[in-house]
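Undergrad: With the input below, show me the fold.
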Amino acid sequence: MGVVFDEFQLQLAVWEKKYTGRPREHMVQLCLLALEREEIVSVAYREEHIAARLAKMPLDDGVRRTIQHALMWAWKDEEMHAIYIRGAIFRLGNRALRLRAFSKQLAGAVGGWSSAVVQHLRWRDAPFSRALASGLTTFGSLTGQVPEDVKKFLNYGPFRNFCLFNIDAERTAAACWKRMAELADQVQDLPPHSGENFCRVQQDERNHERIFSIVAEALDEEDRLVSQESAATIARKISEVGEFFVPRSERNAPNPLGKGGCVCVCKVPKDAEKRRAFREFLEGTELRNLLRRRIEELDRTPGKLSVAVKVSFMLGYHHADRSSMTDPELLEELAIFLRECGCGDIAVGEGRNLYDKFYANRSVAEVAAYFKITSPHYRVVDFTDEQQPHIYARGFGHSTVAKTWREADFRITFGKMRSHPVEIAYLSLGNMEGVGTRCDEFLFPERQAHRETAIMMLLSDFPPDFALVDAFENAADGIVGMLGSHRPLHPRRFYAGADALAVDIVAGAQTRLAQPAKSNFLRAAMHWFGDPSQRTRIVGSTEPIRGWRSPYHNEISSLLSLVAYPVYQFGSGRGSLFLPDMDEKVFPPVYRANLATRCCRSGLRWLLGFRRPKSK
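TA: Sure thing, here's the model as predicted:
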């Protein structure tokens, strides 16, 4: 086709002349154009649109699954591009530029929805949506936003036509990001490494162009596979573009996530002692065999294997509430077990969060000392202080990783079971926050990656070799249980397995998370690494946790959970209103908040149930 690409080349020439000697203004125009375009395709390529269309096509399941996965990854890439460039614009300009960015993103979302409807739905299937989408497309044509040569492709037709249209669109996007990369060195207030990241996005767009070309060449005008193609040939061609574009079953994937396997679940009897029960549980898992195998693989002498354990305690705010913390007694018992298995240096690590912006004495060492997280069997490491640069294989906005986690011979994530308004259950995957760039970098509008994307990038390049979930006592169940709870539950359970994703799916199901895709973390992990559910074997209890309600247990709680993240993102004063009842004798405020802020904090603690428990 070429009309979209040709039109962009003309626009590019106009801007080159108009912004001569003004690289910043030129960059702003390119960034806004890129944001609108990325938002269009991040909506138009959505998995549900593509899956519904492919389901109607006369293809066998293998071909359909391969094409759907490839286009799903193109969609995930475009989502990452959109949030990355929006964050760059927010850091580049003032409030007026931010408003322009929001308007471009909104326009892109509307345009993406309209194009998805007219390209994938017939009039008889969705007459109201088709009428609205057609009206928006016509309006865009009348106002010059949709060229006539483009409009003829915005209609229901062979899937091959959709692919041909997007070949041209992806080529245009690559040209836009190429020009942005060329200008990046001339614009001083762009985020660090912008030029390199623009080049990476350009390569992503070229990869998408190749994917759409492969699919277009494989289909005829009746949405059937051409005679010389098969599921195997399509998978081979797509895998040459990138391993992530094919399903996990087609990859040579060393990553333990998504493999499934054995997940051990222990429901501890009421009369059993905690540490002894945990030790027996560890002996029943495959951890000892995994450690022995790693020692043999690395040819380590006994006592020389280094282990990094990611735990949770930096959301702790008072000794009266330990619901956000990995149990220190269990942690010490784990360290003793690891040493008996031939491990030497055992590092227990955590990363700082935004609490240190409001309260003093909030380093990892200081908080660990307050909660008595100390033992001769391990050392405590501040992951925030030891961040090292790292170029991740996929994704944007994440550029560092903790040295200890990166260099460890064996990695363990030891999370605490808690509820979460977005994730439903906050388990071993969520526990990975803090290993890389500070987690508060991914919470607010200027972020350059979603929280779940940042976690998936870490899991992809530096996955845990083993996952544990502490659900023995003080498990916070409430709208914002990850922050704390005045009435935690005591499920008396442990969960463990080599596949952290499988562990979280099993543990989540026992907190009534029957559909893992309702959790952003689990849905993203299944996109990145595959769904291990069919390959997972549960050893131990399969009973739901009695009394666990989840953040969606009634209409009021569901409504509050639904709006929790947008409210926190845009209306929390960058987290200042959602602070716990801190032990201010040990962690004094950095500054004294005004009366209105203090009242708002107290009201939210009462409303959301993360107020401090009464001391015993």
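
Undergrad: In the sheet, which residues pair with the closest residue to residue 364 other than its chain neighbours? Tell me.
TA: In this structure, residue 364 finds its nearest non-sequential neighbour in residue 382, 3.8 Å apart by Cβ to Cβ, 6 or more residues apart in numbering. Heads up, the C-betas are built off the backbone N, CA and C, glycines and all. Note on residue 382: beta-bridge partners residue 350, judged by DSSP bridges.

Undergrad: Could you check how many residues crowd around residue 382?
TA: Applying other Cβ atoms under 10 Å, we find 21 residues neighbouring residue 382.

Undergrad: Check residue 441 too.
TA: 18.

Undergrad: Against residue 342, how distant is it?
TA: 37 Å (Cβ to Cβ, to the nearest Å).

Undergrad: Likewise for residue 198?
TA: From residue 198 over to residue 342 (counting by Cβ to Cβ), the distance is 46 Å.

Undergrad: The two - which one has more neighbours?
TA: Higher neighbour count among residue 198 and residue 342: residue 198, with 26 against 17, using other Cβ under 10 Å.

Undergrad: Work out the gap between the helix or strand hosting that one and the centre of the chain.
TA: Here residue 198 is covered by helix 194-218, with elements defined by DSSP states H and E. Its chain's average C-alpha position is 21 Å from that of helix 194-218, according to Cα atoms, centre = their mean, to the nearest Å.

Undergrad: neighbouring contacts of it?
TA: Residues outside helix 194-218 that contact it (Cβ atoms under 8 Å, 6 or more residues apart in numbering): 63, 67, 70-71, 74, 77-78, 81, 84, 88, 159-160, 163-164, 166-167, 170-171, 173-174, 177-178, 180-181, 184-185, 187, 225-226, 229, 233-234, 237-238, 241-242, 245, 391, 396.

Undergrad: Among these, name the buried ones.
TA: When those are checked for burial by 16 or more other Cβ atoms under 10 Å, the buried set is 63, 67, 70-71, 74, 77-78, 81, 84, 88, 159-160, 163-164, 166-167, 170-171, 173-174, 177-178, 180-181, 184, 187, 225, 229, 234, 237-238, 241-242, 245, 396.

Undergrad: Can you flag which of these belong to helices?
TA: The helices, defined by DSSP state H, take in 63, 67, 70-71, 74, 77-78, 81, 84, 88, 159-160, 163-164, 166-167, 170-171, 173-174, 177-178, 180-181, 234, 237-238, 241 from these.

Undergrad: Before we go further, residue 596 is sitting in a helix, right?
TA: Yes. Assessed by DSSP: H, G, I helix; E, B strand; the rest coil, residue 596 belongs to a helix.

Undergrad: And it, how far from residue 577?
TA: Applying Cβ to Cβ to residue 596 and residue 577 gives a distance of 10 Å.

Undergrad: More neighbours: which of the two?
TA: Remark: of residue 596 and residue 577, residue 577 carries more neighbours, 18 against 9, as counted by other Cβ under 10 Å.

Undergrad: Flag the shaky bits of the stretch 301-450 of the chain, pLDDT-wise.
TA: By pLDDT under 70, the stretch 301-450 of the chain has no low-scoring segment.

Undergrad: Show me where it has its helices.
TA: Per DSSP state H, counting those that start in this stretch, the stretch 301-450 of the chain carries helices over the ranges 328-340, 364-370, 403-407.

Undergrad: Could you save the ones you listed as a markdown table and add columns showing mean neighbour count and distance to residue 264?
TA: Shown next, in a markdown table, are these (neighbours: other Cβ atoms under 10 Å; distance: least, Cβ to Cβ, whole Å):
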| stretch | mean neighbour count | distance to residue 264 |
| --- | --- | --- |
| helix 328-340 | 19 | 14 |
| helix 364-370 | 19 | 28 |
| helix 403-407 | 20 | 24 |
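
Undergrad: Indicate which one of those is closest to residue 417.
TA: Across the helices of the stretch 301-450 of the chain, the minimum distance to residue 417, taken as Cβ to Cβ, is reached by helix 328-340, at 12.3 Å.

Undergrad: That closest one - contacts with which helices or strands?
TA: helix 274-284, strand 305-310, strand 343-350, strand 410-416 (3 or more Cβ pairs under 8 Å, 6 or more residues apart in numbering; DSSP states H and E).

Undergrad: switch to 10 Å and redo it
TA: helix 274-284, helix 287-298, strand 305-310, strand 343-350, strand 410-416, strand 466-471 (3 or more Cβ pairs under 10 Å, 6 or more residues apart in numbering; DSSP states H and E).

Undergrad: Parallel or antiparallel, which strands does the last one pair with?
TA: This points to strand 466-471. strand 410-416 (parallel), strand 493-497 (antiparallel).

Undergrad: out of those, nearest to residue 570?
TA: Nearest of the strands paired with strand 466-471 to residue 570, taken as Cβ to Cβ: strand 410-416 at 28.1 Å.

Undergrad: Figure out how far that closest one is from the centre of its chain.
TA: Here strand 410-416 is found 18 Å from its chain centre; the criterion is Cα atoms, centre = their mean.

Undergrad: In PDB, list the C-alpha atoms belonging to it.
TA: Only the C-alpha atoms of strand 410-416 are listed here, as PDB (Å, rounded to 0.1, in the frame of the first residue of the first chain):
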ATOM      1  CA  PHE A 410      20.700 -19.300  43.200                       C
ATOM      2  CA  ARG A 411      17.800 -17.000  43.700                       C
ATOM      3  CA  ILE A 412      14.700 -17.300  46.000                       C
ATOM      4  CA  THR A 413      11.700 -15.100  46.300                       C
ATOM      5  CA  PHE A 414      10.100 -15.400  49.700                       C
ATOM      6  CA  GLY A 415       6.900 -13.400  49.700                       C
ATOM      7  CA  LYS A 416       4.200 -12.800  52.300                       C
END
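
Undergrad: before we move on, the earlier item: ranking the helices and strands packed on helix 328-340 by burial, who's on top?
TA: Highest mean neighbour count of the helices and strands packed on helix 328-340: strand 466-471, a mean of 29 (counted as mean count of other Cβ atoms under 10 Å).

Undergrad: How is the protein divided into domains?
TA: Each domain of the chain is listed here as a residue range: 3-245, 261-551, per automatic domain parsing.

Undergrad: Same list (these) but as CSV, adding distance to residue 614.
TA: Converted to CSV, the domains of the chain look like this (distance: least, Cβ to Cβ, whole Å):
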stretch, distance to residue 614
domain 3-245, 42
domain 261-551, 7
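
Undergrad: picking up where we left off before, now the strands paired with strand 466-471 as a markdown table including distance to residue 322?
TA: Converted to a markdown table, the strands paired with strand 466-471 look like this (distance: least, Cβ to Cβ, whole Å):
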| stretch | distance to residue 322 |
| --- | --- |
| strand 410-416 | 9 |
| strand 493-497 | 16 |
